[in-house]
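# Fold the following.
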Amino acid sequence: MRVFSWRHAVLGASALALACSSANENDPGFWTQSSDPGGKQFDGFQQPGAGAAQGAGGFAGSGQGGSVGGSFNTGGSFGGTGNLGGTGNIGGTGNIGGTGNIGGTGNIGGSAGTTTGAGGTGAPGGPCTVTFTVTTGPGFGRYKPKNIVAIWIANAQNQLVRTLEVYAATRIGNLTNWNGVSGGNRADAVTGATLPNHTQHVARWDCTDMNRNFVPGGQYRATVEWTDDDSAIFFFPPSKVFAVDFPTGAGPQNITVPDQQYFHGISLTLQ
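Residues are numbered from 1 along each chain as shown. Sure thing, here's the model as predicted:
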């Protein structure tokens, strides 16, 4: 049996160190030049040239549709004789819009203004009768089927003209929209206690304000609001509101509105 002693290890390490110390990276024989002249060649690719990145052409000229860049060489030319743009014009003498006007001097809605009823006041009005019919419900609030209701008329600036109906008692503060417009004013309104069930409402307005003066012709709004919950408290469901805009001073009107989620049988007539 042969025994590998520490003497053998020392002698081997010394021989290895001597062999390595004889190589010098400054020795021309240390480096062996590769026989690969530049790696594998692929179609459409060539070795870097000595030229700088430059082009004989440019991005201007009278031609159109030429190549952008010409032939591409790594280190060669870039630019070629192609032209981008030429003498073509984007837009030219054409005009988008020209002298035409979108809206121009025309008016959508005329003096009536926007769909919220903002508009002129028109000439002084006279006797007329507005009948606003609506059925409320259904409700899913904590007090259902009991509910409180308000119906009122406002002008184009959303200012109260007249309150027509209010059915509410201690929870009247939950009619938040009506309170915000009217400040709780129920002068000359039809009033009553909380309703036990949802029902049809037929509210009438004689085209007068709270001072019994005829209102001027213009755009007005009939609004109905109801709730069966504590809607004045922000984390409870809000009240349900619907409104119909209509003009006065423009002759008889007959407006029918499709049923809504919480309002049905909606119509407004003006005579």
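
# pLDDT below threshold where in the chain?
The model of the chain has pLDDT under 70 over residues 1-125.

# which residues in it form helices?
6-21, 176-182 (DSSP state H).

# I'd guessed residue 162 sits against residue 205; true?
Yes - applying C-beta atoms under 8 Å, one finds residue 162 in contact with residue 205, separated by 6.2 Å. All C-beta atoms are positioned from the backbone trio N, CA, C, and that covers glycine.

# Run a quick neighbour tally on residue 161.
Neighbours of residue 161 under the rule other C-beta atoms under 10 Å: 20.

# Is the residue lying closest to residue 265 once chain neighbours are set aside bridged to anything, and to what?
Nearest non-adjacent residue to residue 265, counting by C-beta to C-beta, 6 or more residues apart in numbering: residue 135, 4.6 Å away. On the basis of DSSP bridges, residue 135 is bridged to residue 200, residue 264.

# which residues touch residue 135?
The contact partners of residue 135, taken as C-beta atoms under 8 Å, 6 or more residues apart in numbering, are 198, 199, 200, 201, 263, 264, 265.

# give me phi/psi at the first one?
Backbone torsions of residue 198, given as degrees, to the nearest 10, read phi -70, psi 150.

# Pretty sure it sits against residue 146.
No - contact criterion C-beta under 8 Å: residue 198 and residue 146 do not qualify, at 9.5 Å.

# Show me which of these two is the more surrounded one.
Legend: neighbour count by other C-beta under 10 Å for residue 198 and residue 146, higher for residue 198 (20 against 16).

# Give me the spatial nearest neighbour of that one, chain neighbours excluded.
Closest residue in space to residue 198, ignoring its immediate chain neighbours: residue 137 at 3.1 Å, by C-beta to C-beta, 6+ apart.

# where do the strands sit along the protein?
Ranges of strands in the chain, per DSSP state E, are 130-136, 148-154, 160-167, 190-192, 200-205, 218-227, 240-248, 253-257, 263-270.

# what's the burial count for residue 158?
As a burial measure, residue 158 scores 13 neighbours (other C-beta under 10 Å).

# and what of residue 228?
26.

# got the contact list for it?
139, 140, 141, 142, 143, 144, 145, 146, 147, 148.

# Straight-line length of stretch 204-217, end to end?
By C-alpha to C-alpha, to the nearest Å, the extent of stretch 204-217 from end to end equals 17 Å.

# who's in contact with it?
121-132, 153, 155, 160-162, 164, 185, 187-188, 222, 247-250.

# List the buried residues in that stretch.
205, 207, 208, 215, 216, 217 (16 or more other C-beta atoms under 10 Å).

# now stretch 169-183
Burial within stretch 169-183, assessed by neighbour count using 16+ other C-beta under 10 Å, is assigned to 171, 172, 174, 175, 177, 178, 179, 181, 182.

# State the pair within the residues you listed that is farthest apart.
171 and 181 (18.1 Å; C-beta to C-beta).

# Alpha carbons of stretch 255-265, as PDB, please.
C-alpha atoms of stretch 255-265 as PDB (Å, rounded to 0.1, in the frame of the first residue of the first chain):
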ATOM      1  CA  ILE A 255     -95.600  66.900 -21.600                       C
ATOM      2  CA  THR A 256     -95.500  63.200 -20.900                       C
ATOM      3  CA  VAL A 257     -92.400  61.600 -19.300                       C
ATOM      4  CA  PRO A 258     -91.500  57.900 -19.300                       C
ATOM      5  CA  ASP A 259     -91.700  56.100 -16.000                       C
ATOM      6  CA  GLN A 260     -88.700  56.300 -13.700                       C
ATOM      7  CA  GLN A 261     -87.500  54.000 -11.000                       C
ATOM      8  CA  TYR A 262     -89.200  55.800  -8.200                       C
ATOM      9  CA  PHE A 263     -91.700  57.900 -10.200                       C
ATOM     10  CA  HIS A 264     -94.600  56.800 -12.400                       C
ATOM     11  CA  GLY A 265     -97.400  58.300 -14.400                       C
END
